[in-house]
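Novice: This is the structure alone, sequence omitted:
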């Protein structure tokens, strides 16, 4: 497909390759097939998983166009109403989902008009295999994930470190309401959608008033915001990074300093681990009340061997859940939550004030590796 503007993608070859990546300029885009959507990337952000890939501790099919967090503009939408479900966002005033007489509260008609701002689901599932039928579509036996596939898989425009992306048929696409800015929206199809899934699974059957979040990165910060709006009276957040703990105050969380953790034994209805460190698990179990729920979402790596005993879990009658990624509905809820709380929390502060072009991608990665900001923005 020919297009008048510049078409470029950052092709990654591996941590041991010199250079690790280069920018490839293309004359044309792949043709947009039935059910597919061609989008232009407005703003992408660098996820920590890509930093692990660049450091050589995470393996991906190579060469590849990485990047999966982005907000985009629709260029061509070749879906039809017969082939796809509508995406309705609940009306912010009535709470209705837009399926009644007033119609949808956002531009959700299919096909979407050119220029519509959207976010998209990173995991793409078949919806038919056993895992999908059991409700864990993000673990589909034929799972495809944007930004995590080889260059020759799907036309070469499946990552958002590029000017354009081609979204496959069946991809969950959610239009963005006007009060959700690009800087608010860019990370949500990874971090916030995952936290929607985590918080949903953190609830107990008896009481849900006190929560502890282990980790004040972007996942933990989103968790504080969501828990504080879901009826929890106290949301405490632990981290070894003092500056990050200062940020969670703005998102409904109370800093809990490492030296004070032992004071909160049998305290929390739920504990959410999003720091990635197995050393916090013993503290997490100690902080949980009897019958509480412990959700793990950060220890997605090989170096996650635990030293806790089965007895510590059984005697407290706690529930432990592992959550990885999300289902389509969680992304829709993430957009709704962001819209409804955009005036309450300073979401744009989670991103670096400066953004980088593909030509300056190395500078962007260097800044992201410094952990000065929770996310660094790329404007291809």
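Specialist: Now that the structure is in, tell me what you want to look at. Worth saying up front: this structure is predicted, and the values here are computed from it rather than measured.
Novice: Low-confidence ranges, this protein, go.
Specialist: 1-4, 82-109 (pLDDT under 70).
Novice: just the helices in it please.
Specialist: With helices called from DSSP state H, the chain shows them at 48-54, 130-133, 182-185, 193-202, 218-229, 242-248, 281-287, 310-314, 328-341, 361-369.
Novice: and the ones you listed, which is most packed in?
Specialist: helix 218-229 (a mean of 27; mean count of other Cβ atoms under 10 Å). (Each C-beta comes from the backbone N, C-alpha and C, glycine too.)
Novice: and that one, what does it pack onto?
Specialist: helix 193-202, strand 210-214, strand 234-238, helix 242-248, strand 268-273, helix 328-341 (3 or more Cβ pairs under 8 Å, 6 or more residues apart in numbering; DSSP states H and E).
Novice: Out of the ones you listed, which gets nearest to residue 313?
Specialist: Ranking those by proximity to residue 313 (Cβ to Cβ) places strand 268-273 first, at 12.5 Å.
Novice: Could you list the paired strands of the closest one along with their orientation?
Specialist: Sheet pairing for strand 268-273, assigned by DSSP bridges, gives strand 210-214 (parallel), strand 288-296 (parallel).
Novice: And for the longest one, what's in contact with it?
Specialist: Outside of strand 288-296, the residues that reach it under the criterion Cβ atoms under 8 Å, 6 or more residues apart in numbering are 198, 201-204, 206, 266-273, 281, 284-285, 316-323.
Novice: tell me the most buried of the strands paired with strand 268-273?
Specialist: strand 210-214 (a mean of 27).
Novice: Now do it and helix 218-229, the angle between them.
Specialist: 170 degrees (axes from the mean of the first three to the mean of the last three Cα atoms, to 10 degrees).
Novice: List the contacts of strand 210-214.
Specialist: Outside strand 210-214, the residues touching it (Cβ under 8 Å, 6+ apart) are 202, 220, 223-224, 227, 232-239, 248, 253, 256, 264, 267-275, 280, 283-284, 287, 298.
Novice: Same question for stretch 239-248.
Specialist: 213-217, 220-221, 224, 237-238, 254-255, 257-258, 275, 349-350, 371, 374.
Novice: Can you say which of these are buried?
Specialist: 213-217, 220-221, 224, 237-238, 255, 275, 350, 374 (16 or more other Cβ atoms under 10 Å).
Novice: Name the nearest of those relative to residue 114.
Specialist: For the buried ones among the contacts of stretch 239-248, the nearest to residue 114 is residue 350 (29.3 Å; Cβ to Cβ).
Novice: so the closest one touches residue 375, yeah?
Specialist: Yes. When contacts are counted by Cβ atoms under 8 Å, residue 350 is listed as touching residue 375 (5.9 Å).
Novice: Mutual contacts of those two, please.
Specialist: 187, 218.
Novice: would TSV of the helices and strands packed on helix 218-229 with distance to residue 145 be doable?
Specialist: Below are the helices and strands packed on helix 218-229 laid out as TSV (distance: least, Cβ to Cβ, whole Å):
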stretch	distance to residue 145
helix 193-202	13
strand 210-214	25
strand 234-238	28
helix 242-248	27
strand 268-273	22
helix 328-341	13
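Novice: Point out the one among the ones you listed that comes closest to residue 123.
Specialist: That would be helix 328-341 among those, by Cβ to Cβ, at 8.4 Å.
Novice: Touching the closest one from outside, list them.
Specialist: So helix 328-341 is contacted by 87, 89-90, 92, 119, 121, 137, 172, 174, 176-177, 179-180, 184-185, 188-189, 192-197, 200, 225-226, 229, 347 (Cβ under 8 Å, 6+ apart).
Novice: okay, the angle between that helix and helix 193-202?
Specialist: 100 degrees.
Novice: So what's the gap between helix 328-341 and the chain middle?
Specialist: From the chain centre to the centre of helix 328-341 is a distance of 11 Å (Cα atoms, centre = their mean, to the nearest Å).
Novice: what does stretch 31-43 give?
Specialist: That offset, for stretch 31-43, works out to 20 Å (Cα atoms, centre = their mean).
Novice: buried ones in that stretch?
Specialist: Neighbour-count burial for stretch 31-43 [16+ other Cβ under 10 Å]: 32, 35, 36, 37, 38, 39, 40, 41, 42, 43.
Novice: Quick one: residues contacting the fourth one.
Specialist: Pointing back at residue 37 there. With the criterion set at Cβ under 8 Å, 6+ apart, residue 37 makes contact with 74, 76, 77, 78, 79, 112, 166, 167, 171, 173.
Novice: Thank you, goodbye.
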